[in-house]
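**Student:** Structure, please.
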Amino acid sequence: MTLPYNNTRPDRTNVAGYVVGAACAFAALLMLFWWAVNTAAGQSADHSMMVDLQAYNSPTVIHSIERLVGRPVPIAVASLAVVVAIGMTGAQRGARLLGALGAMVTVPVVAELVKAHVDRPVLNDIATHNSFPSGTTAAYAALATGLTCVAWRPWQQVLAACAWGVAAFVGVLVVIMGWHRPSDAVAALLLGAGVTCLTLAGVRAAGRSARPQRERSAPVRRQFEVAARD
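**Tutor:** Numbers count the residues shown, from 1 in each chain. Down below sits the predicted model:
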């Protein structure tokens with residue numbers, strides 16, 4: 001007599017770790033918003049950092065930015081194609097791919113909604129229209145989110161580091177160009193990081209729950225067979 005057992009419990013440690021990571025990212029995002037947008041000291045510091053970074057502006061930088069972020073539609077299409085291609089070849093393809101695509105849509109949409117509906121109070125002479133968070137940086141954070149969620153496990157850290165490095169680099173570039181304040185770029189990265197952690201938590205929990213049953217090891221099986229005969 002063989003008694004199967006169901007090893008369907010999710011890895012609660014990993015799932016909880018991702019949830020905690022998401023909570024930390026969103027908490028940092030809220031704190032950054034409160035300080036950089038709603039306080040006079042934060043607005044002044046944010047503006048000063050932007051002015052300092054603009055000192056690195058040059059024709060070469062402008063040309064690089066135009067090539068990197070000046071073609072949003074081809075970049076978005078290429079990003080989706082890369083994520084779908086990787087997602088279709090990994091383990092747990094359906095859950096990972098759907099989670100990644102949902103996260104990639106969520107990050108820029110939330111960024112644009114916040115930017116459109118949040119007002120920046122006038123607390124000093126330098127405050128202008130609200131640009132929090134950066135939509136351009138959020139788009140690249142969305143790509144990093146998708147790649148992190150669908151990457152094969154051995155290469156996940158490498159791909160994630162490269163993708164998030166590019167997103168951070170774009171965040172620096174938009175500040176140098178004067179398109180955004182530093183807090184805008186950091187906020188977009190925190191938003192992407194939080195959504196990534198939530199997506200990975202959901203995918204990991206779903207994957208563990210869907211794991212097929214397996215038989216008990218031989219010594220444990222013999223114990224159950226003896227117990228069944230008694």
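
**Student:** Would you indicate which residues of stretch 14-27 are buried?
**Tutor:** Buried residues in stretch 14-27, defined by neighbour count with 16 or more other C-beta atoms under 10 Å: 15, 18-19, 21-22, 25-26. In short, each C-beta sits where N, CA and C put it, glycine included.

**Student:** tell me the contacts of residue 42?
**Tutor:** Under the criterion of C-beta atoms under 8 Å, 6 or more residues apart in numbering, the contact list for residue 42 reads 34-36, 183.

**Student:** Buried ones only from these, please, as a ChimeraX command.
**Tutor:** A single ChimeraX command selects the buried members of those (16+ other C-beta under 10 Å):
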select :36,183
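
**Student:** Find the pair from the contacts of residue 42 with maximum spatial separation.
**Tutor:** Using C-beta to C-beta, the two most remote members of the contacts of residue 42 are 34 and 183, lying 10.7 Å apart.

**Student:** Adding secondary structure and pLDDT, write the contacts of residue 42 out as JSON lines.
**Tutor:** Converted to JSON lines, the contacts of residue 42 look like this (DSSP: H, G, I helix; E, B strand; the rest coil; pLDDT from 0 to 100):
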{"residue": "34", "secondary structure": "helix", "pLDDT": "93"}
{"residue": "35", "secondary structure": "helix", "pLDDT": "93"}
{"residue": "36", "secondary structure": "helix", "pLDDT": "91"}
{"residue": "183", "secondary structure": "helix", "pLDDT": "94"}
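
**Student:** Closest one of the contacts of residue 42 to residue 144?
**Tutor:** Nearest to residue 144 out of the contacts of residue 42 is residue 183 (C-beta to C-beta; 19.1 Å).

**Student:** wait, what's in contact with the closest one?
**Tutor:** By C-beta under 8 Å, 6+ apart, the contact set of residue 183 is 32-33, 36-37, 42, 46, 132.

**Student:** Grab the nearest non-local neighbour of residue 202.
**Tutor:** Of all residues not flanking residue 202 in the chain, residue 99 sits nearest, at 6.0 Å (C-beta to C-beta, 6 or more residues apart in numbering).

**Student:** For residue 167, the count of nearby residues, please.
**Tutor:** Residues within reach of residue 167, counting by other C-beta atoms under 10 Å, total 24.

**Student:** all strands of the chain, in order?
**Tutor:** Along the chain, the segments classed as strands by DSSP state E run 4-5, 214-215.

**Student:** and the residue nearest to residue 38 when sequence neighbours are not counted, how many residues sit next to it?
**Tutor:** Leaving aside its sequence neighbours, residue 38 sits nearest to residue 121 (C-beta to C-beta, 6+ apart; 6.3 Å). Residue 121: 12 surrounding residues under other C-beta under 10 Å.

**Student:** For residue 121, report the pLDDT, please.
**Tutor:** Looking at residue 121, its pLDDT stands at 84.

**Student:** Just give me the neighbour total for residue 106.
**Tutor:** 17.

**Student:** ignore the last one, residue 41
**Tutor:** Count around residue 41 with other C-beta under 10 Å applied: 11.

**Student:** What spatial separation is found between the closest residue to it other than its chain neighbours and residue 168?
**Tutor:** The shortest distance from residue 41 to any non-neighbouring residue, by C-beta to C-beta, 6+ apart, is to residue 35 (7.7 Å). Computed as C-beta to C-beta, to the nearest Å, the residue 35 to residue 168 distance reads 20 Å.

**Student:** now swap in residue 43 and tell me
**Tutor:** Distance, residue 43 to residue 168, by C-beta to C-beta: 23 Å.
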